[in-house]
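Participant: predicted structure and sequence below. I'll ask about it afterward.
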Amino acid sequence: MSAHDAWATPERRALRELVADFTVREVVPHLARWEDEGALPRALHERAGELGLLELGFPAAAGGAGEHLDAALVTEQLILSGGSSGVCAGLFTHGIGVPHIAAAGDPAQIDRFVRPVLAGRAIASLGVTEPGAGSDVAAITTRAVRDGDDYVVDGAKTFITSGTRADLVTTAVRTGGPGHRGLSLLVIETDRAGVSRSRLRKMGWHCSDTAELHFDGVRVPAANLVGAEGTGFRQIMVNFAAERLSLAVQAYATAQRCVDLTVDWVRRRTTFGEPLARRQLVRHQIAEMAREATVARTYVRDVFARWQAGSPDTDVVTELAMAKNTAVAACDAVVDRAVQLHGGMGYMHGVEVERHYRDARILGIGGGATEIMDEVVAGRLGLDG
Ligand SMILES: Cc1cc2nc3c(=O)[nH]c(=O)nc-3n(C[C@H](O)[C@H](O)[C@H](O)COP(=O)(O)OP(=O)(O)OC[C@H]3O[C@@H](n4cnc5c(N)ncnc54)[C@H](O)[C@@H]3O)c2cc1C
C-alpha cells in the first residue's frame, strides 16, 4: 500500500467524514468565541472522547486504538473542515502530554492518568520548556528532590499548552546531576499544594490556552515517576518524533485550507471589472500555493508512513526534521499569499485566513525550532566533525 493509499482506506474515509461532521457542527460555530475566551471548553474534550478521537495512536493496553496515522488524519481533516491548528493544539495536547506514560506501561499510572485523558474527562499537558531553557532541553533546572516516598519539586515551566486547564502535567525535572542524564519525567497534578499558574497572551492559537507554571515545594508521590530516574531526556526525544510530525501535518493542512479559501475568494472578488481569478498573475500565484501545499503533504505523508512502519532503510529522524521544515516553509509562504490576495479583508479579525496567518507562526518555533531541525540534519550529514 502506498503512503497515500493508507490515508484512504474505507475505515479512514469513514473517520474523515466523522471528523468533518464534528468540526462543522461542533467546532466551527463556536470557534470565534473560544478564540475570544482564550480556551476550549472541557465539554469539547468530553465530546471528542465520546467519538473516540482522543485515543487514536495510543496502544490498546493503555486504552488506545488505531495508529498514529489515524490521529494525524483527524488533525488534517479538522483543519481542512474549518478548524485550526490552535484547536488541534488545545484539544489534542494529550498527544504530547501522556504518550510517555502509556509507553512506560505502569498499569496504575495508565489507569490514573492516561485513561481519563483519552476519555476526555481529564486534561494533560507536557511541561518541558522553562524561562531559561527551551531548545536546549538538557539545560532544565526545575529540581525534584527525593524525600521519603515523595519528590519535592521547585522550579518553573513556561509556554505550556493547555496549562491553565490541565489536571496533570508530565513534567521534565532534574533528579540527578547536570546534563541530559540528570532528567526524569514526573506527573504533577495541578491541584497539589505549591502549584500556581498564570495565563500567557500570545500572537495566535488564541483558543489554545498557554500557561506559566510555578512549583514551590510541591510534594509529588514517587509513584508519579514515569519510567526510570534519569530517562526523562530519552523519553522526551522519542516522543518529539510524533509531535514534529503532527506539527508538519498541521502546517500542510493549514496551507491546503488557505489554498481552498483563496480559490473561493478570487472567484468571487472582482477588481477593475473582472474576477481576480481571471488574472494570470493571481492564477499563477494560486497554482504555486497549491504546488507548495501538495509537495509538503506528499513528503510528510511519505516520511510518516516510513516512520510508522519502522522502516530500516531510511534515516527517519533526519527526514522527519526535513519534513517539518518543508511543511512549515510551505505553510508560511501560503498563509502570507492568502492574506495578500484577500486584500484588506485578509487583515480583518474573524476572517479565516487572518487567523491561519497568526496561528501558523508558531509551527516553526514549537516542537523544535526550524534551526534545531536543521541542526539535526547537519549532524546526520557528518558536519559535527
Ligand atoms: C504557543 C506555544 C506553545 C508551546 N507549548 C509548549 C508545551 O506544551 N510544552 C513545552 O514544554 N513547551 C511548549 N512551548 C515551548 C516551545 O517548545 C519553545 O518555545 C521552543 O522549543 C523554543 O524554545 P525557546 O522559546 O526557549 O527559544 P530559544 O531556545 O531561546 O531559541 C530562540 C530562537 O533561537 C534560535 N535557535 C535556538 N537554538 C539555536 C541553535 N542551536 N542554532 C541556531 N538557532 C537557534 C531559534 O530560531 C529559536 O526560535 C510552546 C511555545 C509556544 C510559543
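Facilitator: Perfect, thanks for sending it. Numbers count the residues shown, from 1 in each chain.
Participant: CA atoms for contacts and neighbours, from now on please.
Facilitator: Will do.
Participant: who touches stretch 142-156?
Facilitator: The list of residues contacting stretch 142-156 from outside it, by CA atoms under 8 Å, 6 or more residues apart in numbering, reads 130-131, 141, 157, 172-175, 212-222.
Participant: how far off centre is it?
Facilitator: Centroid displacement of stretch 142-156 relative to its chain, using CA atoms, centre = their mean, to the nearest Å, is 28 Å.
Participant: now do stretch 109-125
Facilitator: On CA atoms, centre = their mean, the centre of stretch 109-125 falls 18 Å from that of its chain.
Participant: try stretch 213-224
Facilitator: 25 Å.
Participant: tell me which residues in it are buried?
Facilitator: Within stretch 213-224, the residues scored as buried using 16 or more other CA atoms under 10 Å are 213-215, 217-222, 224.
Participant: now for those residues: which two are most distant?
Facilitator: Put simply, by CA to CA the two of these set farthest apart are L213 and A222, 20.3 Å from each other.
Participant: residues from the stretch 51-200 of the chain in reach of the ligand?
Facilitator: Of all the residues in the stretch 51-200 of the chain, those in contact range of the ligand (CA under 6 Å from any ligand atom) are 126-129, 133-136, 159-161.
Participant: the stretch 201-350 of the chain now?
Facilitator: Contact residues, the stretch 201-350 of the chain versus the ligand (CA under 6 Å from any ligand atom): none.
Participant: which parts of the stretch 201-350 of the chain are helices?
Facilitator: If DSSP state H, counting those that start in this stretch is used as the criterion, the helices of the stretch 201-350 of the chain fall at 232-268, 280-308, 316-342.
Participant: make a markdown table from the ones you listed and add distance to G63, mean pLDDT and mean neighbour count to it.
Facilitator: Conversion of these to a markdown table gives the following (distance: least, CA to CA, whole Å; pLDDT from 0 to 100; neighbours: other CA atoms under 10 Å):
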| stretch | distance to G63 | mean pLDDT | mean neighbour count |
| --- | --- | --- | --- |
| helix 232-268 | 18 | 97 | 23 |
| helix 280-308 | 19 | 97 | 19 |
| helix 316-342 | 27 | 97 | 24 |
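Participant: so can I have JSON lines of the ones you listed showing distance to H30?
Facilitator: What follows is those, written out as JSON lines (distance: least, CA to CA, whole Å):
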{"stretch": "helix 232-268", "distance to H30": "19"}
{"stretch": "helix 280-308", "distance to H30": "27"}
{"stretch": "helix 316-342", "distance to H30": "23"}
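Participant: need the helices for the stretch 51-200 of the chain, in chain order.
Facilitator: Secondary structure of the stretch 51-200 of the chain (DSSP H, counting those that start in this stretch): helices located at 68-80, 85-91, 94-97, 99-104, 107-109, 115-118.
Participant: list the buried ones in the fifth one?
Facilitator: Think helix 107-109. Going by neighbour count (16+ other CA under 10 Å), the buried part of helix 107-109 is Q109.
Participant: run the chain-centre distance for it.
Facilitator: Helix 107-109 has its C-alpha centroid displaced from the chain centroid by 25 Å (CA atoms, centre = their mean).
Participant: would you mark the buried spots in the strand or helix carrying E371?
Facilitator: For E371, the element it lies in under DSSP states H and E is helix 370-380. By neighbour count on 16+ other CA under 10 Å, the buried set for helix 370-380 is 370, 372-377.
Participant: tell me the contacts of L56?
Facilitator: Counting by CA under 8 Å, 6+ apart, L56 makes contact with 64-68, 70-71.
Participant: mind doing that once more with 10 Å?
Facilitator: Taking CA atoms under 10 Å, 6 or more residues apart in numbering as the criterion, L56 is in contact with 63-74, 95, 118.
Participant: which single residue in the stretch 251-385 of the chain comes nearest to the ligand?
Facilitator: Closest approach between the stretch 251-385 of the chain and the ligand, counting by CA to the nearest ligand atom: G366, at 4.1 Å.
Participant: next, count neighbours for that residue.
Facilitator: Residues within reach of G366, counting by other CA atoms under 10 Å, total 15.
Participant: distance of it relative to V249?
Facilitator: Using CA to CA, to the nearest Å, G366 is found at 14 Å from V249.
Participant: show me whatever sits in contact with both of these two.
Facilitator: In terms of CA under 10 Å, 6+ apart, G366 and V249 are both contacted by the residues E243.
Participant: wait, what's in contact with the closest residue to A333 other than its chain neighbours?
Facilitator: When the adjacent residues along the chain are set aside, A333 lies closest to M289, with 7.7 Å between them (CA to CA, 6 or more residues apart in numbering). Contact partners of M289, counting by CA under 10 Å, 6+ apart, are 255-256, 258-260, 262, 283, 330-331, 333-335, 337-338.
Participant: so how far is V295 from M289?
Facilitator: With distances defined as CA to CA, the gap from M289 to V295 amounts to 10 Å.
Participant: for E26, same thing?
Facilitator: Shown here: E26 relative to V295, a distance of 31 Å by CA to CA.
Participant: now A122
Facilitator: For A122, the distance to V295 - CA to CA - is 37 Å.
Participant: repeat that for R13.
Facilitator: With distances defined as CA to CA, the gap from R13 to V295 amounts to 22 Å.
Participant: how about G90?
Facilitator: With distances taken as CA to CA, G90 is found 27 Å from V295.
Participant: just E35 next, same as before
Facilitator: As defined by CA to CA, E35 lies at a distance of 30 Å from V295.
Participant: ok, and the closest non-adjacent residue to G127?
Facilitator: For G127, the nearest residue in space outside its immediate sequence neighbours is T171; the separation is 4.5 Å by CA to CA, 6+ apart.
Participant: sounds good, over and out.
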